[in-house]
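Trainee: Build me a structure from this.
(2 chains)
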Number of protein chains: 2
Amino acid sequence: MSLTKNDFRAQFRCTHETCGKTYSLGQVIYSCERDGELLSVEHDLDQLKKISAKEWKDLFDSRYRSRAFPFTSGVWGKKEWVLPEIKVENIVTSGEGTSHLYDANRWAKDLDLGGLFIKQCGISHTGSFKDLGMTVLVSQVKQMIADGVPIDAVACASTGDTSAALASYAAKAGIPSIIFLPANKVSTAQLIQPVSNGALVLALDTDFDGCMAIVKQVTREKSIYLANSMNSLRIEGQKTIAIEITQQLNWNVPDWIVIPGGNLGNVSALGMGFEMMKELGLIDRLPRILLAQAKNASPLYDSFQSGFANFKSVTAQKTLASAIQIGDPVSVKKAIRILKKFDGIVEVATEEELSDAAARGDLYGLYNDPHTGVALAAMLKAKERGDIKKGDQVVVISTANGLKFTEFKVNYHERKIPGTDEKLSNSIISCPAELGSVMEILGKKLNHYK
Amino acid sequence: MSLTKNDFRAQFRCTHETCGKTYSLGQVIYSCERDGELLSVEHDLDQLKKISAKEWKDLFDSRYRSRAFPFTSGVWGKKEWVLPEIKVENIVTSGEGTSHLYDANRWAKDLDLGGLFIKQCGISHTGSFKDLGMTVLVSQVKQMIADGVPIDAVACASTGDTSAALASYAAKAGIPSIIFLPANKVSTAQLIQPVSNGALVLALDTDFDGCMAIVKQVTREKSIYLANSMNSLRIEGQKTIAIEITQQLNWNVPDWIVIPGGNLGNVSALGMGFEMMKELGLIDRLPRILLAQAKNASPLYDSFQSGFANFKSVTAQKTLASAIQIGDPVSVKKAIRILKKFDGIVEVATEEELSDAAARGDLYGLYNDPHTGVALAAMLKAKERGDIKKGDQVVVISTANGLKFTEFKVNYHERKIPGTDEKLSNSIISCPAELGSVMEILGKKLNHYK
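Mentor: Residues are numbered from 1 along each chain as shown, chains lettered A, B, ... in the order given. Below is the predicted model of the structure:
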């Protein structure tokens, strides 16, 4: 079969084991009409298998370097595996994907690792990995509008990165966006991205769950399309992280992928990307996955202690890693399946551990947000304990841009986060504007470096 | 000549017309020993010309987004044109360059332009275009240290993006960095990037000029290497912006490049990149350049009114575009030469104009910092006046990440910047958590969109 002849197909399928009812991706639908279960996107693997693994790799490589729309995007370079039937003119891209795989070579050496790479998903258009999924969702909405489906707007309940990504991609497409958030719980600074992108931002006198309830009611109308993570289109974009990391390592699978987890959609998407590559012959083994949770919101860690025999949701406590402050994760079933298959482990980081790990990484040239701090702390603990071994090649997924977390960084270095390691903090030194005094300080401090 | 045989050479040359004394790039030197004039990096063009234009393009294309170190970097993909003699193992890269050329297609249509692209230099490792130059400087320092030159640290006087880039690249290389800044004039939040990256940050009881004086004295020692922009190594990295934009447009030259200017090193580097491509046959025409200044710091605009017949420095007034709040630009001579050659024009933006232009761009999906706001405002004014014509293809260079300017964005939408356009601002709407009320607001507001 020729690659130019597009015979690739995808559809929604009910995730309930015995149901399996299918729906067109062009339908406004988020859960099964028969049993209310979530849907997932199912690709026609038999068709995809008619292309050899080498051809897929060559195709993806040729597009990775492309300057031609829409392949400037790392997500749309894998178009056939994401949304095969979308018309190219309806793709809404801001150059998501192709984020840098930062080679922390000095740190790897200090840790006796075979390689330590940080996948910089936060250095992207809206500053988080959410761009990867949102380009897919908004593009599909544009396709549906072009096909005559009467959609007036896209909506989500969110207090952070999801709303930023939705508002930006919707603005690019010229589609109105609506954000629901709990009144008095979010500052304008936290919401300034969607506000700037012209979203209709509604503050409701309720909590986050109340906002979710309202967005579900509002989107029942079908003229307002739901962009929250129960919409499985976003997973299709996020799974390209797995493909892109492997591609950046010259189609070699690392020993470990470390990823922070709250709602657990991210680790599910990561796993699905690797599974698809293995199924289609692009790789012949799977990496191990280290799922990192903030100790204050770690129901999956508790479950892991019993070999995932049982899972109990918890009430999440406050954590600096606010995006993963979730006690009842939506995608827990998918995540457990993936972790079992990938010989995965779960580790937790306390507030001090995540802060110190973020700061330690910064001393090697990074600028870590607290969620990446959770992943880095888990990596260090797993290395210390011997799960991650000397010589292993490790990829840590950084999910957001440190520039979004100025207060976290300032508080750390002003020693306002209790229990952190003084040796990792840094402060500004006052000095007279006079050569002698300056040289004296430099003499002392630079010797300290040696 | 084969490309694999590296016969390419570069050296420092005194910029004084009648001097021309040359120095090795491996020397610790920033100005001419004979006359004190600045140095510039000079390439052996005769050697470079032995490779055909087509071969250069093919080589650069083959390296664009390559996964092989060091060509993951957009700067080092042009290694022979940047620092031809550096040993690859001394290159310090954080994946700078290959930033996305954002296609603002809806805005282009609204403005009747043939194309409007935003070069997203701020979506990079430390969040500004300074990464492009700093990778070159820090790599050359690493090379010199490897060659036995006794360098203990790198230093600069800076209150913003330069210090962030220096500290991060130095941390990656494991070289101590020193930042001088005026005491009580910079908050920890502004300096938190270099503080996090472990720089030695000294607050001196003087102003910025006093800090510059001290850093010049300190670096006279030669064991501390100067990283401020009088060091012309940084220009070599910055000039790759020109090459990369052209490459991303499939080696077509746009009609206009719009760039914000303060110290004017940036526009000089841009021009040099285009000159080098023309000299080596990769392009056959030059774009026009629109240099954009904040009205509160616009000595070059004043000079442009007299056809650059004379130039007078000014005392810069406060502007939201703080990085270009400069009244006495270091690179003014180079910039005027470039602007004359590129049929350039200079335009200014008031505080209201830069704020409104940034906000207008955000409504098309961008998230603009105030410096990009200056460039966008100048673009809109030049279009309005007819300098930029219907159908022209325009590239606007965005120099920094909007995430660094939360206060600017919040103040704009809270209507705290006097004289701005109310229609462009947005606010959060309070609403009871009840379907009827929500639908009533949505009904009104979504109709407003239509």
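
Trainee: from here on, contacts and neighbour counts on C-alpha atoms
Mentor: Noted.

Trainee: Give the full set of residues in contact with the residue nearest the centre of chain A.
Mentor: Nearest to the mean C-alpha position of chain A, counting by C-alpha atoms, centre = their mean, stands A:F129 at 4.1 Å. Contact partners of A:F129, counting by C-alpha atoms under 8 Å, 6 or more residues apart in numbering or on different chains, are A:C121, A:G122, A:Q238, A:T399, A:A400.

Trainee: quick one, phi/psi of A:L233?
Mentor: The phi/psi pair for A:L233 (degrees, to the nearest 10) reads phi -60, psi -40.

Trainee: Now it: closest residue in space that isn't a chain neighbour?
Mentor: A:L137 (5.6 Å; C-alpha to C-alpha, 6 or more residues apart in numbering or on different chains).

Trainee: Check for me that the one you found belongs to a helix.
Mentor: Yes: using DSSP: H, G, I helix; E, B strand; the rest coil, the assignment for A:L137 is a helix.

Trainee: Which members of the contacts of A:F129 are classed as buried?
Mentor: A:C121, A:G122, A:Q238, A:T399, A:A400 (16 or more other C-alpha atoms under 10 Å in any protein chain shown).

Trainee: need the contact list for the first one.
Mentor: It refers to A:C121. Going by C-alpha under 8 Å, 6+ apart, A:C121 touches A:G97, A:S99, A:H100, A:G127, A:S128, A:F129, A:I397, A:S398, A:T399, A:A400, A:N401.

Trainee: Dump the residues you listed into CSV; add pLDDT and secondary structure as well.
Mentor: Shown next, in CSV, are the contacts of A:C121 (pLDDT from 0 to 100; DSSP: H, G, I helix; E, B strand; the rest coil):
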residue, pLDDT, secondary structure
A:G97, 96, coil
A:S99, 96, coil
A:H100, 96, coil
A:G127, 97, coil
A:S128, 96, strand
A:F129, 97, coil
A:I397, 98, strand
A:S398, 98, strand
A:T399, 97, coil
A:A400, 96, strand
A:N401, 96, coil
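
Trainee: And the helix or strand of chain A with the lowest mean pLDDT, what's buried?
Mentor: One helix or strand of chain A scores below all others by mean pLDDT, DSSP states H and E: helix A:435-449, with a mean of 87. For helix A:435-449, burial by neighbour count (16+ other C-alpha under 10 Å) applies to A:V438, A:I441, A:L442.

Trainee: Let me know the closest of the contacts of A:C121 to chain B.
Mentor: Distance to chain B across the contacts of A:C121 (C-alpha to the nearest C-alpha) is lowest for A:H100, with 5.8 Å.

Trainee: Report how many residues lie close to that closest one.
Mentor: When neighbours are counted by other C-alpha atoms under 10 Å in any protein chain shown, A:H100 registers 26.

Trainee: State the distance from it to A:I241.
Mentor: 11 Å (C-alpha to C-alpha, to the nearest Å).

Trainee: Was I right to think A:G281 contacts A:A53?
Mentor: Yes: using C-alpha atoms under 8 Å, A:G281 is in contact with A:A53, at 5.4 Å.

Trainee: Please say which of these two ends up with more neighbours.
Mentor: Applying other C-alpha under 10 Å to A:G281 and A:A53 shows that A:A53 carries more neighbours, namely 18 against 15.

Trainee: now the more buried one, nearest residue through space, not along the chain?
Mentor: Leaving out its chain neighbours, the residue that sits closest to A:A53 by C-alpha to C-alpha, 6+ apart is A:L282, at 5.0 Å.

Trainee: repeat for A:R13
Mentor: Spatial nearest neighbour of A:R13, excluding adjacent residues (C-alpha to C-alpha, 6+ apart): A:T22 at 4.3 Å.

Trainee: How far off centre is stretch A:429-443?
Mentor: 45 Å (C-alpha atoms, centre = their mean, to the nearest Å).

Trainee: Over to it now: how far is its first residue from its last?
Mentor: Stretch A:429-443 has an end-to-end distance of 14 Å (criterion: C-alpha to C-alpha).

Trainee: which residues are contacting it?
Mentor: The contact list for stretch A:429-443 (C-alpha under 8 Å, 6+ apart) reads B:183, B:200-206, B:210-211, B:214, B:217-218.

Trainee: Quick one: mean pLDDT over stretch A:111-121.
Mentor: The average pLDDT within stretch A:111-121 is 98.

Trainee: Stretch A:349-358 now?
Mentor: On average, the pLDDT along stretch A:349-358 is 98.

Trainee: just how off-centre is it within its chain?
Mentor: 19 Å.

Trainee: give the contact list for A:K390.
Mentor: A:L111, A:D112, A:L113, A:G114, A:K383 are the contacts of A:K390 under C-alpha under 8 Å, 6+ apart.

Trainee: Show the residue spans covered by the helices in the stretch 1-150 of chain A.
Mentor: For the stretch 1-150 of chain A, the helices defined by DSSP state H, counting those that start in this stretch occupy A:45-48, A:53-64, A:79-82, A:105-111, A:130-146.

Trainee: Alpha carbons of the helix or strand harbouring A:I192, as PDB, please.
Mentor: A:I192 is located in helix A:188-196, with elements delineated by DSSP states H and E. The C-alpha trace of helix A:188-196 is given here as PDB (Å, rounded to 0.1, in the frame of the first residue of the first chain):
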ATOM      1  CA  THR A 188      -6.000  36.800  37.700                       C
ATOM      2  CA  ALA A 189      -2.200  36.000  37.400                       C
ATOM      3  CA  GLN A 190      -3.000  32.300  37.300                       C
ATOM      4  CA  LEU A 191      -5.700  32.900  34.600                       C
ATOM      5  CA  ILE A 192      -4.000  35.600  32.700                       C
ATOM      6  CA  GLN A 193      -3.100  33.400  29.700                       C
ATOM      7  CA  PRO A 194      -6.800  32.600  28.800                       C
ATOM      8  CA  VAL A 195      -7.800  36.100  29.700                       C
ATOM      9  CA  SER A 196      -5.200  37.500  27.300                       C
END
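
Trainee: Residues touching that helix, excluding its own?
Mentor: Applying C-alpha under 8 Å, 6+ apart, the contact partners of helix A:188-196 are A:159-160, A:163-168, A:179, A:201, B:359, B:362-363, B:367, B:406-407, B:409-410, B:413, B:425-428.
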